[in-house]
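Quick one: sequence and predicted model below, then my questions.
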Amino acid sequence: MKKFPLIAVLAVVTALVSCQRTVPEYQETQYLFGTLVDFTIRGVETQQAQSAVAAVTLDFQRMHRDWHAWKPGELSRLNQQLPDGEFHRVSPFLLPLIRQAKKLSEQSDDLFNPAIGRLIALWGFHSDELPVGPPPPRGEIDALVKQNPRMEDIIIKDGELRSSNPAVSFDFGGFAKGAALDMAIKRLQQMGVKNAIVNAGGDLNVIGTHGERPWRVGIRHPQGQGVIAAVELASGEVIYTSGNYERYREYEGRRFTHIIDPRTGMPVEHIASATVIDTNGAKADAAATALTVAGPREWYRIAKRMQLKYVMLVDENGRIYMNPAMAKRVEFTSEIPQPPFISEPL
């Protein structure tokens, strides 16, 4: 799963219930998806909170297994089958994710393209460890780009799926975490939780409030320590950031980010981070990836195409780009090198 901590929760949380407090607050941390997942739950007793987190953890374990692009599970088996062009049955657990990926890819003009798993693998990012050594030969990159794998190549019928393009290989690292957190919030609500924040490596979903105020989170500075801005989230909102500096391949002093432009097969260079606030984690996750690929010249077009409401980007020089609605919400907490570029309304 992609993404590393880019959001810092500013609210102070406690792990145990204080006997002097009238509103219980519970916190637990699990290691899932290759990153730390923090649960903060308010307003229920400790045992209920623990049971809710345990249920979500079981869901996450299945997601990590069956949505994984290269480790043994349903998705990796499907990737092995796709080149034959035949229909293959897909479970009700995986098929909705594929449908959602197909829709989001179309909305992003294929800048979010989870069909380029082979390109991601070629760059060495199908591993828990950072790749080392020189980048792959340009000829191999160009050959995969020429085959143009897209989610549009996927045909779904009666619970079965096939690909018309043998180059298609799924990698849902660009949005599976968002889909997982959407499901986690639903599970918590089913178990009676009304106020919670689930933070998976810096991408987070919230419900309810933190006491008498909204949940307040910080957006980590992509070019330094600490946070660059803070924002309050209403119940049901999510915030996701895609960054090109946390996971990378480094060779001879040059860093190649894990975020690949499907049009060129090369890692993006022009955006340090892209942040999206939405009410759907999967959409926000995919949109942050697409906006990172779009860069300073195309981000507005893609944001408008995906019907986004709140967007902020930081380029490699520290320049900030925002739409007016986002500019009204963020509060900068550190010095920025120049005034933000504020776009036309989305």
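Now that the structure is in, tell me what you want to look at. Numbers count the residues shown, from 1 in each chain.

in the stretch 101-250 of the chain, which spans are strands?
154-157, 160-163, 195-200, 203-207, 215-220, 227-233, 238-243, 248-251 (DSSP state E, counting those that start in this stretch).

Give the stretch among those with the greatest mean number of neighbours.
Ranked by mean neighbour count, these are led by strand 238-243 with a mean of 28 (mean count of other CB atoms under 10 Å). Backbone N, C-alpha and C define where each C-beta goes, glycine included.

Report the inter-axis angle for it versus strand 203-207.
Note on geometry: by axes from the mean of the first three to the mean of the last three CA atoms, to 10 degrees, strand 238-243 and strand 203-207 are set 170 degrees apart in direction.

Nearest the middle, which residue of the protein would you pick?
Asp285 (3.5 Å; CA atoms, centre = their mean).

one step back: now the strands of the stretch 101-250 of the chain as CSV including distance to Ala55 and mean pLDDT?
Compiled in CSV, those are given as follows (distance: least, CB to CB, whole Å; pLDDT from 0 to 100):
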stretch, distance to Ala55, mean pLDDT
strand 154-157, 29, 97
strand 160-163, 29, 97
strand 195-200, 13, 96
strand 203-207, 15, 96
strand 215-220, 22, 90
strand 227-233, 23, 93
strand 238-243, 20, 92
strand 248-251, 35, 80
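
Just send these back as JSON lines, with distance to Glu106 too.
As requested, the strands of the stretch 101-250 of the chain are exported to JSON lines (distance: least, CB to CB, whole Å):
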{"stretch": "strand 154-157", "distance to Glu106": "11"}
{"stretch": "strand 160-163", "distance to Glu106": "16"}
{"stretch": "strand 195-200", "distance to Glu106": "26"}
{"stretch": "strand 203-207", "distance to Glu106": "22"}
{"stretch": "strand 215-220", "distance to Glu106": "28"}
{"stretch": "strand 227-233", "distance to Glu106": "28"}
{"stretch": "strand 238-243", "distance to Glu106": "19"}
{"stretch": "strand 248-251", "distance to Glu106": "29"}
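
what's the closest of those strands to Thr29?
When the strands of the stretch 101-250 of the chain are ranked by proximity to Thr29, the top entry is strand 195-200, at 9.3 Å, counting by CB to CB.

Need the CA coordinates for the closest one. CSV is fine.
Output for strand 195-200, consisting of C-alpha atoms alone and laid out as CSV, is shown next (Å, rounded to 0.1, in the frame of the first residue of the first chain):
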residue,chain,number,x,y,z
ASN,A,195,-16.9,9.9,17.2
ALA,A,196,-13.6,8.6,15.8
ILE,A,197,-10.6,9.3,13.7
VAL,A,198,-8.8,6.6,11.8
ASN,A,199,-5.3,7.6,10.6
ALA,A,200,-3.4,5.2,8.3
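
so what strands line up beside it?
Pairing partners of strand 195-200, with direction, according to DSSP bridges: strand 35-42 (antiparallel), strand 203-207 (antiparallel).

Work out the gap between the last one and the centre of the chain.
For strand 203-207, the separation from the chain centroid amounts to 12 Å (computed by CA atoms, centre = their mean, to the nearest Å).

repeat for stretch 113-123
The gap between the average C-alpha position of stretch 113-123 and the chain average comes to 16 Å, counting by CA atoms, centre = their mean.

now stretch 42-58
Shown here is stretch 42-58, whose average C-alpha point lies 24 Å from the average C-alpha point of the whole chain (CA atoms, centre = their mean).
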